[in-house]
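Q: have a look at this fold, sequence not included:
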């Protein structure tokens, strides 16, 4: 980038990386050439003006596609190798599109306008068809082929014209409302045959869960009432994939009656305990990265242990044996008190514990093994520091929010965390509402008053469920997506904080930064940190835990 710019002292406003974290040499060179041939400050000021739009990220990405075509001919005159660099970039970009290990969020991002334009350009660079069929897409694609403009003003004027022609109407329209209509299965089957359908997520559980059996998941009585839309044996089989029941059926029904009300009327809640040796994919990934994980665990454990040692100040307790306390010697003769010695004890944290709450929806699928490994790393580090810790995951399938125990407070190992599997949806509001029932220790079913709990929630801050959000009158439903879902999750988070639970969000998402930050701030307030890559989880969690422990 600096070579292309012929300036080694400037700080670029944009940097490009591939999905695996490696720098994109071609796009970074383009940024450098833009700095060389145009007024960088004026261009960045123009790009900053796009942030006032509700589609700021899309418009910025589209604008850079136009900037690339404008600067490329001039850049190739001084850097002939840029053509081959562009082909390497195009092959890598399209290769990532074919990656089968891709989350639902990444599928949604890949359907965006800017991503569509980028994929079409990469195909054309490699001599293939652009693959564009929509007339609007084809028109925008051709409009973005800007000529080599000589001045910054000419460039921004050309970009203004493109954005005005192709995005002005969409910007004025705002977001469109969507109807959420529940139809019988027979009618859905007919509509799927006559209407174009693109499946972006399947909420059916996978076969990679715990080793629960079909028997004993739910009692005979109450099973039909649990979810009348499906046959009882279907739900026994589905929920068995998450593990064995954590609570008795009678207790589960009591909890459901308490939490599945209001906006969650019509939803259901289930608690499972994952069993078995763990998911094969998770175990293989952990084995492959064992050295790195072990080193990270040692580092994090040492940091937490240091905070605990500093925080737990020794207490001098009067005793009948130990080291003689000169200041108490007079008590032996004057008061016949034999406790003239001092015994040193460490101040424990009997009322402080940590709960890791992992979003286990399908959007985590491509990062499943890493999340499981990082969760084990953080948990083992807390255990080494003698801090009580438990791990739960949550996902929603066919209207049932399932909270799965992956490690309890009294377990001395982290092996069950390897059972973490990403599937279904994430109804964050209901999961947080049901969480207090599993915060208690010592076999209690609900957290006791006076106990202090820290909950670290790994999430993308974008809750979504196929079951709608019930209105107060119970007659209509809104889609459990977007602002409505975020607002519901925020209400449950406030209730937890009001109950004395310290809830901290570890937010990692492929959605645009300002959109994710806005949702995270609404849910967690100021108590969240962005995790740009899942590999940062241990580091960010360690910083949060250090802060929490230091305050105790």
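A: On my side now, so go ahead. Since we're looking at a predicted model, the values are computed, not measured.

Q: low-confidence ranges in the stretch 401-550 of the chain?
A: For the stretch 401-550 of the chain, the stretches with pLDDT under 70 are 441-451, 471-477, 510-514, 532-538, 548-550.

Q: contacts for the helix or strand hosting residue 504, please.
A: Assessed by DSSP states H and E, residue 504 sits inside strand 501-507. Residues outside strand 501-507 that contact it (CB atoms under 8 Å, 6 or more residues apart in numbering): 432, 435-436, 439, 447, 452-461, 493, 496-497, 516, 520, 523-524, 527-531, 537, 540-541, 544, 548. The C-beta positions use only the backbone N, C-alpha and C, and glycine is treated the same way.

Q: next helix or strand past it?
A: In N-to-C order, the element after strand 501-507 by DSSP H and E is helix 513-524.

Q: show me where the stretch 1-150 of the chain has its helices.
A: Along the stretch 1-150 of the chain, the segments classed as helices by DSSP state H, counting those that start in this stretch run 2-5, 25-37, 40-48, 56-78, 82-97, 104-110, 113-125, 135-143.

Q: next, the buried residues of the third one.
A: With burial defined by 16 or more other CB atoms under 10 Å, the residues of helix 40-48 counted as buried are 40, 43, 46, 47.

Q: equivalent analysis for stretch 321-331, please.
A: Burial within stretch 321-331, assessed by neighbour count using 16+ other CB under 10 Å, is assigned to residue 325.

Q: now it: how far from the chain's centre is it?
A: Here the centre of stretch 321-331 is set off from its chain's centre by 57 Å, with CA atoms, centre = their mean, to the nearest Å.

Q: got it, and stretch 157-169?
A: That offset, for stretch 157-169, works out to 34 Å (CA atoms, centre = their mean).

Q: so for it, what's the average pLDDT?
A: Confidence for stretch 157-169, expressed as mean pLDDT, is 81.

Q: contacts for it next, please.
A: Here stretch 157-169 has contacts from 46, 55, 58-59, 62-63, 66-67, 70, 136, 139-140, 143-144, 146, 149, using CB under 8 Å, 6+ apart.

Q: can we see that at 6 Å?
A: Contact with stretch 157-169 is made by 63, 66, 140, 143, 146, as judged by CB atoms under 6 Å, 6 or more residues apart in numbering.

Q: mind listing what's buried in it?
A: So for stretch 157-169, counting by 16+ other CB under 10 Å, buried means 158, 159, 162, 163, 166, 167.

Q: quick one: the strands in this protein?
A: Using DSSP state E, the strands of the chain run over 244-245, 268-273, 314-319, 323-324, 341-346, 352-359, 389-397, 400-407, 452-459, 465-470, 477-480, 501-507, 528-530.

Q: how about those in JSON lines, adding distance to residue 331?
A: JSON lines is the format used below for the strands of the chain (distance: least, CB to CB, whole Å):
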{"stretch": "strand 244-245", "distance to residue 331": "58"}
{"stretch": "strand 268-273", "distance to residue 331": "54"}
{"stretch": "strand 314-319", "distance to residue 331": "9"}
{"stretch": "strand 323-324", "distance to residue 331": "12"}
{"stretch": "strand 341-346", "distance to residue 331": "11"}
{"stretch": "strand 352-359", "distance to residue 331": "35"}
{"stretch": "strand 389-397", "distance to residue 331": "43"}
{"stretch": "strand 400-407", "distance to residue 331": "48"}
{"stretch": "strand 452-459", "distance to residue 331": "36"}
{"stretch": "strand 465-470", "distance to residue 331": "67"}
{"stretch": "strand 477-480", "distance to residue 331": "68"}
{"stretch": "strand 501-507", "distance to residue 331": "43"}
{"stretch": "strand 528-530", "distance to residue 331": "52"}
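
Q: between those, which gets nearest to residue 282?
A: strand 400-407 (10.9 Å; CB to CB).

Q: and the closest one, how far out from the chain's middle?
A: With CA atoms, centre = their mean, you get 17 Å for strand 400-407.

Q: swap in stretch 273-280?
A: So, by CA atoms, centre = their mean, the centroid of stretch 273-280 is 22 Å from its chain's centroid.

Q: now the buried members of the contacts of strand 501-507.
A: Applying 16+ other CB under 10 Å to the contacts of strand 501-507 flags 432, 435-436, 439, 447, 452-461, 493, 496, 516, 520, 523-524, 527-531, 537, 540-541, 544, 548 as buried.
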